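Visitor: Here is a sequence together with a model predicted from it:
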Amino acid sequence: MSPASRGRKKRSRSTGQRVVRQVVAGPATCHCPDCSGERLEPLDLVADLLDDGNPLLEVEEAVEAEMFAAGLLAMGHLAGAGFAEAVASVIVPELERTATPAALAVLHAIALVDDGPAAAEAVARLEPAGLAAPRWLAEARMPVTPGVYRRFAEPSGQTSSVLIGTFERAGRADGFAVNVDDSDCHAAVDVVLFPGEALDQVLATIEGSAREHELPITGVHLDPAEFRWQVERALSARAAHDDDLAPDEIAAEYEDGDEPGYHHVAMLLRARVRTLPEPSRPAAEHLDDEIELFTRIATEASPRRRAPRAKLPAKRKKSDGPAPIFQLKVSLRDAKPPIWRRLEVPADTGLADLHTIIQIAFDWDDSHLHAFETGYGTFGLADPELGHQAERPVTLEQVAAGAGGRIRYTYDFGDGWEHDILVEKVLERGSEQYPRCTGGRRAAPPDDCGGIWGYQRLIEILDDAAHPEHAEMREWLGLDQTDEFRPARFDAAEVTRSLAAGFKR
């Protein structure tokens, strides 16, 4: 969770308890034209929008204005072809002609969500008139920055998964959870909006639900572009499937009691992922031919499918003599500029001890779960449901035998700090005290700053004294002066001293 989301007031939106439940079809009332039987008249809709525009002026948070616009656009989308044109050619011009603060507030809200330019262009023409701006406008104009992106799935990757993503703006964080049916064209089943401060609860709910239903799941970190690609694939596949539904089948999912339904939240999520980097690979193709779909599922290798686990080599015996020293390079994935440590540790160091060594070397707080991914399975705190084996009986040389051996260490499954561990050399044991640090680059990020993307944003904020979150971030880090924060600083000797003081083998 980003530090920016700490200590905020709770909102009324749903939290983790609703993330993993499936939508149950039942009686519902939907106000979209297909369900109500009424024709959508754009000019009549403008009058309703203006009535809603006055309270919209008093809304505090930009996301509430976005939800207002997302509801309008989702309802219009369900009304059928032609609504997008009506927004641009009728609704926006009429709001602009009205030229009241309420009309301007509605136009601002539409411009936040609509991928067309009409509302934004109308806003640009109206603003010089000096109309009162809505309270949330300053926040809405701050850039949306990436947060934490994760995917949880069972090992085969072919039944269901959950995509978790957060977006940060002006000190607030909003999260989305997308339930995906991977056996049905990877289509979205449900989308839930939750407050950013509920991220830990959402992650715990997913893992708890998996344990309750005895479903092994694994979580992986996604970069923002990959998260965007997977979300757009899920939403597009769902939209293609919804084209075949009758209006009464859509009704149950437009509104869900007091909560916004699927189409409402999905419209907002589409707008949010457009703020992320463009994926490098093309948009996923939706297959209408069922035979082609199942043929592809049967023949393509899942990226999450792994070869059968190899048998773990035997542990070193006393008769084998003292273990040599492994020179390790431990690199934090996706860090730009690179962040890494070169460590010398005895080859027979246990994985539990290696965890402690890495925590000290990177100055982590050891306040979250961790795991080692190896060719012999995943090791950490023993958890059969998640497929995690006990790490304490296993040594480094058992899972990374010799120069060139590689394993991965993940710390904090929410922020997703992934470390690549490479055995660079095998050295003879000398008279030095081990473990020790002989090289490295840059300070490690602080715990709970939102993953590598959140850390990059933190650096940008602290480098800009005029940034609205500058003081808040400095206070969160406990800095009296900004120059106390030195991300480029690294001292191998200091790390070695910390290892000597904090780690006793």
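Guide: Great, that's in hand.
Visitor: what stretches of the stretch 1-150 of the chain score poorly on pLDDT?
Guide: Per-residue confidence for the stretch 1-150 of the chain (pLDDT under 70) gives these ranges: 1-43, 78-81.
Visitor: Go again with 80.
Guide: By pLDDT under 80, the weakly predicted segments of the stretch 1-150 of the chain are 1-45, 48, 52-53, 75-84.
Visitor: For it, which segments count as helices?
Guide: 33-36, 42-56, 62-78, 83-86, 92-98, 101-113, 118-126, 137-140 (DSSP state H, counting those that start in this stretch).
Visitor: Mind checking those for the one nearest to Asp366?
Guide: Closest of the helices of the stretch 1-150 of the chain to Asp366 is helix 62-78, at 33.9 Å (criterion: C-beta to C-beta). Placement of C-beta: from N, CA and C, glycine included.
Visitor: quick one on the thing from earlier: nearest to Val178, of the helices of the stretch 1-150 of the chain?
Guide: Short answer: helix 62-78, nearest of these by C-beta to C-beta, at 15.1 Å.
Visitor: mind saving the C-alpha coords of that closest one as CSV?
Guide: C-alpha atoms of helix 62-78 as CSV (Å, rounded to 0.1, in the frame of the first residue of the first chain):
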residue,chain,number,x,y,z
ALA,A,62,-12.4,13.3,-8.1
VAL,A,63,-13.2,9.6,-8.2
GLU,A,64,-16.8,10.4,-7.3
ALA,A,65,-17.1,12.7,-10.3
GLU,A,66,-15.5,9.9,-12.5
MET,A,67,-18.1,7.5,-11.2
PHE,A,68,-20.8,9.9,-12.1
ALA,A,69,-19.6,10.1,-15.7
ALA,A,70,-18.9,6.4,-15.9
GLY,A,71,-22.5,5.7,-14.9
LEU,A,72,-23.7,8.0,-17.7
LEU,A,73,-21.5,6.6,-20.3
ALA,A,74,-22.1,3.0,-19.3
MET,A,75,-25.9,3.5,-19.4
GLY,A,76,-25.5,5.1,-22.8
HIS,A,77,-23.3,2.3,-24.1
LEU,A,78,-26.0,-0.2,-23.1
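Visitor: relative orientation of that helix and helix 118-126 in degrees?
Guide: Put simply, helix 62-78 runs at 130 degrees to helix 118-126, going by axes from the mean of the first three to the mean of the last three C-alpha atoms, to 10 degrees.
Visitor: Can you check the pLDDT for Glu344?
Guide: Looking at Glu344, its pLDDT reads 97.
Visitor: Pull up the pairing partners for the host helix or strand of it, direction included.
Guide: Taking DSSP states H and E as the criterion, Glu344 maps to strand 340-346. Neighbouring strands of strand 340-346 in its sheet, by DSSP bridges, are strand 325-332 (antiparallel), strand 436-441 (antiparallel).
Visitor: most packed of the ones you listed?
Guide: Highest mean neighbour count of the strands paired with strand 340-346: strand 325-332, a mean of 22 (counted as mean count of other C-beta atoms under 10 Å).
Visitor: hmm, who's touching the strand holding Glu344?
Guide: 322-332, 354, 357-358, 361-362, 396, 424, 427, 429, 432, 434-441, 492, 495, 505 (C-beta atoms under 8 Å, 6 or more residues apart in numbering).
Visitor: What of stretch 224-235?
Guide: For stretch 224-235, contacts defined as C-beta under 8 Å, 6+ apart pick out 146, 149, 151, 163, 165, 176, 178, 180, 186-188, 191, 222, 266, 269-270, 273, 276-281, 283-284, 453.
Visitor: between the strands paired with strand 340-346, which one is nearest to Ala170?
Guide: Short answer: strand 325-332, nearest of the strands paired with strand 340-346 by C-beta to C-beta, at 27.6 Å.
Visitor: ok now the closest one, how far from the chain's centre?
Guide: What separates the centre of strand 325-332 from the centre of its chain is 28 Å, taken as C-alpha atoms, centre = their mean, to the nearest Å.
Visitor: Need the mean per-residue confidence for it.
Guide: Strand 325-332 comes out at a mean pLDDT of 96.
Visitor: Output it as PDB - backbone C-alpha positions only.
Guide: The C-alpha trace of strand 325-332 is given here as PDB (Å, rounded to 0.1, in the frame of the first residue of the first chain):
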ATOM      1  CA  ILE A 325      31.800 -19.300  -0.400                       C
ATOM      2  CA  PHE A 326      29.200 -18.300  -3.000                       C
ATOM      3  CA  GLN A 327      29.500 -14.800  -4.400                       C
ATOM      4  CA  LEU A 328      26.000 -13.700  -5.100                       C
ATOM      5  CA  LYS A 329      24.600 -10.700  -7.000                       C
ATOM      6  CA  VAL A 330      21.100  -9.900  -5.700                       C
ATOM      7  CA  SER A 331      19.300  -7.500  -8.000                       C
ATOM      8  CA  LEU A 332      16.000  -5.800  -7.500                       C
END
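Visitor: quick check: longest helix of this protein.
Guide: Longest helix in the chain, counting residues (DSSP state H): helix 224-242.
Visitor: I would like the residues contacting the helix or strand that the strand holding Glu344 is followed by, please.
Guide: Proceeding N to C from strand 340-346, the next assigned helix or strand is helix 351-361, under DSSP H and E. Contacts with helix 351-361, where a contact means C-beta under 8 Å, 6+ apart, come from 330, 341, 343, 345, 349, 364-366, 370, 372, 379, 391-392, 394-396, 399, 409, 411, 419, 435, 437, 440, 495, 498-499, 502-503, 505.
Visitor: can you pull the contacts of the residue nearest to Ala62 when sequence neighbours are not counted?
Guide: The shortest distance from Ala62 to any non-neighbouring residue, by C-beta to C-beta, 6 or more residues apart in numbering, is to Ala140 (3.8 Å). Contact analysis of Ala140 by C-beta under 8 Å, 6+ apart lists Ala62, Ala65, Glu66, His108, Leu112.
Visitor: The first one contacts Ala111, doesn't it?
Guide: This means Ala62. No. In this structure, Ala62 is not within contact of Ala111 by C-beta atoms under 8 Å, at 11.7 Å.
Visitor: circling back: so which of the helices of the stretch 1-150 of the chain is nearest Gly405?
Guide: Across the helices of the stretch 1-150 of the chain, Gly405 has its closest neighbour in helix 62-78 (46.8 Å, C-beta to C-beta).
Visitor: Quick check: buried residues in the closest one?
Guide: Residues of helix 62-78 classed as buried: 62-63, 65-78 (neighbour count, 16 or more other C-beta atoms under 10 Å).
Visitor: And these, which is closest to Ile217?
Guide: The closest of those, once distances to Ile217 are taken by C-beta to C-beta, is Val63, at 28.7 Å.
Visitor: I'm done for today, thanks for sticking with me.
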